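>>> Let's see this in three dimensions:
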Amino acid sequence: MNNVVQTMKLLSDENRLRILMVLAKKELCVCQIMGVLEISQSLVSKNLHQLAAAGFLEERREGKLVYYALSKSMTSLQRSLLALLTDELKGDTIFNMDLQSLKECEEFRKKAGTCDMKTFKEFMNRKKKK
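Sure thing, here's the model as predicted:
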């Protein structure tokens with residue numbers, strides 16, 4: 001029972017839930033997650049660490065960047081909860097805005113031809129001006 005309680009506490013945070021939902025769509029680095037969700041690097045990193053420690057995420061390094069994706073070795077509880085959350089959030093306004101932002105972020109990255117903190121700070125500044 002303790003495992004279920006800890007997992008539910010972990011998923012009760014909106015930022016961690018949003019991070020999981022965008023990572024369910026695509027592997028992303030910290031700067032991309034910052035750009036999509038419009039939250040600080042420290043908040044993204046803190047929540048990624050908690051999700052990874054709980055077994056929801058795995059990471060891979062590419063040069064200086066660390067990319068995060070859903071773990072292939074999630075428990076059955078984690079898979080079930082993720083499926084339930086994905087289904088429940090389909091019509092959610094914030095979730096849909098995050099998906100649109102993810103699409104815009106990917107297009108911006110392709111045009112910029114690079115993936116680094118400077119690029120995504122520029123992406124975030126452009127979003128704020130809209």
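>>> What is the distance between the longest helix along the chain and the centre of its chain?
Taking DSSP state H as the criterion, the chain has its longest helix at helix 93-112. Between the centre of helix 93-112 and the centre of its chain there are 12 Å (Cα atoms, centre = their mean, to the nearest Å).
>>> Rounded mean pLDDT for stretch 57-75, please.
For stretch 57-75, the mean pLDDT works out to 94.
>>> okay, that stretch in CSV with CA atoms only?
Only the C-alpha atoms of stretch 57-75 are listed here, as CSV (Å, rounded to 0.1, in the frame of the first residue of the first chain):
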residue,chain,number,x,y,z
LEU,A,57,11.6,8.2,-16.5
GLU,A,58,14.9,7.3,-18.0
GLU,A,59,17.5,9.6,-19.4
ARG,A,60,20.2,9.6,-22.1
ARG,A,61,23.0,11.9,-22.7
GLU,A,62,23.8,13.5,-26.0
GLY,A,63,26.8,15.9,-25.6
LYS,A,64,25.9,18.4,-22.9
LEU,A,65,22.2,17.7,-23.1
VAL,A,66,20.3,15.1,-21.1
TYR,A,67,17.1,13.8,-22.8
TYR,A,68,14.2,12.3,-20.8
ALA,A,69,11.7,9.8,-21.9
LEU,A,70,9.2,7.5,-20.2
SER,A,71,10.9,4.5,-18.7
LYS,A,72,10.5,1.2,-20.6
SER,A,73,10.7,-0.6,-17.2
MET,A,74,7.7,1.2,-15.5
THR,A,75,5.8,-1.0,-13.1
